[in-house]
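A.B. asks: give me coordinates for this.
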Amino acid sequence: MKHWSALLVVAALLVPASRSHAKKTEDFRHSYEQVWGAAIRLIRVDQGYAIKDRDESVGYFLFDYKDDGRLYPGSVELMRIEDQGGGPIRVVIQISAMPSYIERMLLDKLEKKLVHEYGEPAPPPKPSEDPDE
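C.D. replies: Model prediction:
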């Protein structure tokens, strides 16, 4: 029985860690144009990843995430969320072949870049307390 336990431990160590097939999402209160520009500059200039396709009016771009000399397809999507007071921009980053912390790291860098370049966004408007409005 001890022999089987050792084999199970060895087998578990040899199985590669599972990769994320999820995507990471974050809402930003900066303008669409600010978020779009900052996201493009983050990926292309700051990170040095090639952008393969983009369409600002639709709100997406595709890029190649580079890790250890290999390229992995990634995407960034921007969506206007008008119904949440102040029209935040939802950003979705997906690199399906990589662990989800990579997507989270890029969203965190985007947030820092937006604050550094444009300052803190205006707070969302407060809902009216007057039921007649």
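A.B. asks: which other residues reach the host helix or strand of Arg104?
C.D. replies: Per DSSP states H and E, Arg104 falls inside helix 100-118. Residues outside helix 100-118 that contact it (C-beta atoms under 8 Å, 6 or more residues apart in numbering): 20, 22-26, 28, 30, 34-35, 38-39, 41-43, 46-47, 65, 67, 91, 93-95, 121. Where C-beta positions appear, they are placed from N, C-alpha and C, glycine not excepted.
A.B. asks: list the buried residues in it.
C.D. replies: The neighbour-count check on helix 100-118 (16 or more other C-beta atoms under 10 Å) flags Ser100, Ile102, Glu103, Leu106, Leu107, Lys109, Leu110, Lys113, Leu114 as buried.
A.B. asks: about what we covered before: just the buried ones from the contacts of helix 100-118, in ChimeraX syntax?
C.D. replies: A single ChimeraX command selects the buried members of these (16+ other C-beta under 10 Å):
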select :20,24,26,28,30,34,35,38,39,42,43,65,91,93,94,95,121
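A.B. asks: how about the longest strand anywhere in the chain: buried residues?
C.D. replies: Under DSSP state E, the strand in the chain containing the largest number of residues is strand 70-80. Counting neighbours by 16+ other C-beta under 10 Å, one finds that the buried residues in strand 70-80 are Tyr72, Gly74, Ser75, Val76, Glu77, Leu78.
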